[in-house]
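[1] Just a sequence and a predicted model for now, questions to come.
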Amino acid sequence: MASERPKVLHLLAGRPLLAHVIDRARALGAAQTLVVYGHGGEAVPGAFPAPDVAFVLQDPQQGTGHAVQQAVPHLQAGGRTLVLYGDVPLLPLDALQALREAGPCLCLLTAELENPDGYGRIERDARGEIFRIVEERDANDAQRRIREVNTGILCAPTDALVGWLDKLRPNNSQREYYLTDVVGLAVAEGIPVRSVRVSDAWRGFGVNTRAQLADMERRLQREQAEDLMARGMSLADPERLDLRGELECERDVFVDVGCIFEGKVLLKAGVTVGAYCVLRNTVVERDTVIAPFSHIDGAEIGPECRVGPYARLRPGTRLGPHAHVGNFVETKNASLAEGAKANHLSYLGDATIGRGVNVGAGTITCNYDGVNKSLTVIEDGAFIGSNTSLVAPVRVGRDATIGAGSTITQDAPAGELTVARARQITIAGWERPRKQAPGKS
């Protein structure tokens, strides 16, 4: 990966590769989940502080069989043990379930590839029974022509697996303990070796390079896009969607190109999301339009609102029905009630804004004094003139009007015009300073 970061912590759809693997173990109802780690030190366990996952260090690192040997003291007797790989993130659950339910045998997950280079080959006898796996580096020309490959995933009776692991020897070109050697040991003991073939071969692929990671990202994103379209979402281009969390949508949602969805996002019926928007942990109610290049994080947006373009809604933002937040407006911990509008170039932080309020361009709430955050309240029907500074804590009364260019430091009474700005004067005869000509003092 040409990286200081451990491979299993590189991101796929916004989450570490290993997180996808752990999710599959959880979905299968594993009684215990053990992660054997080596490269990267404590970065790997530090990234997963979950009580249902235990970590075991492999040091030194002497192959896949040696890695699983490190887990042996922690395995519970009886039952079956499923071995997954932290860099094989998208295995289908139905195939893993089939491995688990294969009975008292050693069961391997295999795939058939047009180009099997780099993978261990599955060798079968004349009856079609598996009797050996040959690693690429140890294979001869005939073995390299085999297209059925080992994904590395296997499931076996725990007690038998522990016995096979104890018999592994580093008799190969790498002087490593290969987990694949348990196949020959099982055959020698008369234990059946079965296989489950993954239908979509790419799902069994491991990630070893950044190019492979990028390829898997696009495959996964395309699959997610198809699922969303099946549920009633229209995508301008399914190849230009990035889903890095959970996206729920109702029917007739439209998403333009280049949008990113993170965390948990819900889009209700009829929502439109313009090009190159980023939505994170947000709920958008029906028939709202999010115009292009808007960034929305931790917001609740009501029905029939309009947001953007180039708006930034930060955590704690709540928009009531028909509210407008326009271009280059930033909100944080702010609520805009029904019909409230802030259409241009404003910052609204720690603010409660009533029904039908109009916030003029260039308005800011001065909510932070360097230590404390304070609240601005603008009551229903107020009109805030352009280029106004509201120094919190402050309240603007119902149907009040604030003259443009005002700095409001005290409560403005309901129904009145309040202006707070210096009187304009003209100084007659004043001359602007001029630069002197070169050479003159």
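    In hand now; what should we look at?

[2] For the nearest residue to P89 once chain neighbours are set aside, grab phi and psi.
    Spatial nearest neighbour of P89, chain neighbours left out: H20 (3.6 Å); criterion: CB to CB, 6 or more residues apart in numbering. Every residue, glycine included, has its C-beta placed from N, CA and C. Main-chain torsions, H20, degrees, to the nearest 10: phi -60, psi -40.

[3] Test my guess that H20 contacts L11.
    No - in terms of CB atoms under 8 Å, H20 does not count as a neighbour of L11; the distance is 10.2 Å.

[4] higher neighbour count, these two?
    Set H20 next to L11 and count neighbours by other CB atoms under 10 Å: H20 wins out with 18 against 13.

[5] ok, now how distant is that one from L28?
    13 Å (CB to CB, to the nearest Å).

[6] repeat for G316
    In terms of CB to CB, G316 sits 38 Å off from L28.

[7] Also P16?
    For P16 relative to L28 (CB to CB), the value is 19 Å.

[8] Counting neighbours, go ahead and name the busier of these two.
    Set P16 next to L28 and count neighbours by other CB under 10 Å: P16 wins out with 21 against 16.

[9] can you give me phi and psi for that one?
    According to degrees, to the nearest 10, the main-chain angles of P16 amount to phi -60, psi 150.

[10] and what of the one 3 residues further on?
    Recorded main-chain torsions at A19 are phi -60, psi -40, according to degrees, to the nearest 10.

[11] Which residue, other than its chain neighbours, is closest to it?
    F48 (7.3 Å).

[12] How about I191?
    Nearest to I191 is L106, by CB to CB, 6+ apart, at 5.9 Å.

[13] what's across from that neighbour in the sheet?
    L106 forms beta bridges with V193, as assigned by DSSP bridges.

[14] Can you tell me the number of residues neighbouring it?
    Counted with other CB under 10 Å, residues neighbouring L106 total 24.

[15] Could you check how far it is from A188?
    For L106, the distance to A188 - CB to CB - is 12 Å.

[16] Please apply the same query to V396.
    Going from V396 to A188 by CB to CB gives 85 Å.

[17] circling back: quick one: the residue nearest to P89 from G190, how far?
    36 Å.

[18] and if you look at T110?
    In terms of CB to CB, T110 sits 21 Å off from G190.

[19] Repeat that for L179.
    Computed with CB to CB, the distance linking L179 and G190 is 20 Å.

[20] Those two: which is more packed in?
    Neighbour totals were compared for L179 and G190, and L179 leads with 24 against 6 (other CB under 10 Å).

[21] what sits up against stretch 37-55?
    By CB atoms under 8 Å, 6 or more residues apart in numbering, the residues outside stretch 37-55 that reach it are 5-9, 16, 18-19, 22, 26, 32-36, 56-59, 61, 67, 74, 86.

[22] Kindly recompute the last result at 10 Å.
    Applying CB atoms under 10 Å, 6 or more residues apart in numbering, the external contacts of stretch 37-55 come out as 3-9, 16, 18-19, 22, 25-26, 30-36, 56-62, 66-67, 70-71, 74, 86.

[23] Compute the first-to-last residue distance for that stretch.
    By CA to CA, to the nearest Å, the extent of stretch 37-55 from end to end equals 7 Å.

[24] Name the residues of that stretch that are buried.
    Across stretch 37-55, burial judged by 16 or more other CB atoms under 10 Å covers 37-38, 40, 44-45, 48, 53.

[25] Now flag whichever of those is closest to C366.
    Checking the buried residues of stretch 37-55 against C366 by CB to CB gives F48 as the nearest, at 42.1 Å.

[26] Pull up the per-residue confidence for that closest one.
    pLDDT recorded at F48 is 94.

[27] So it lies in a helix, does it not?
    No - F48: not assigned to a helix; according to DSSP: H, G, I helix; E, B strand; the rest coil it is coil.

[28] Start at 9, not 1
    Will do, 9 is the new start, and the previous item becomes F56.

[29] And it, its phi and psi?
    Phi and psi for F56, reported as degrees, to the nearest 10, are phi -140, psi 70.

[30] Also G368?
    phi -70, psi 160.

[31] Name the helix or strand for the nearest residue to it once chain neighbours are set aside, please.
    Closest residue to G368 apart from its sequence neighbours, by CB to CB, 6+ apart: S394 at 3.6 Å. Using DSSP states H and E, S394 is not contained in any helix or strand.

[32] So, low pLDDT: which residues of the chain?
    448-449 (pLDDT under 70).

[33] For the helix ranked longest in it, C-alpha coordinates in CSV please.
    Assignment by DSSP state H gives helix 218-238 as the longest helix of the chain. What follows is helix 218-238, C-alpha atoms only, in CSV (Å, rounded to 0.1, in the frame of the first residue of the first chain):
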residue,chain,number,x,y,z
ARG,A,218,-4.2,1.2,-3.7
ALA,A,219,-5.3,0.4,-7.2
GLN,A,220,-7.2,-2.7,-5.9
LEU,A,221,-8.7,-0.6,-3.2
ALA,A,222,-10.0,2.0,-5.7
ASP,A,223,-11.4,-0.7,-7.9
MET,A,224,-13.3,-2.3,-5.0
GLU,A,225,-14.6,1.1,-3.9
ARG,A,226,-16.2,1.7,-7.3
ARG,A,227,-17.6,-1.9,-7.4
LEU,A,228,-19.2,-1.4,-4.0
GLN,A,229,-20.5,2.1,-4.9
ARG,A,230,-22.1,0.9,-8.1
GLU,A,231,-23.8,-1.9,-6.1
GLN,A,232,-25.1,0.5,-3.6
ALA,A,233,-26.3,2.8,-6.3
GLU,A,234,-28.3,0.0,-7.9
ASP,A,235,-29.9,-0.8,-4.6
LEU,A,236,-30.9,2.9,-4.1
MET,A,237,-32.3,3.1,-7.6
ALA,A,238,-34.4,-0.1,-7.0
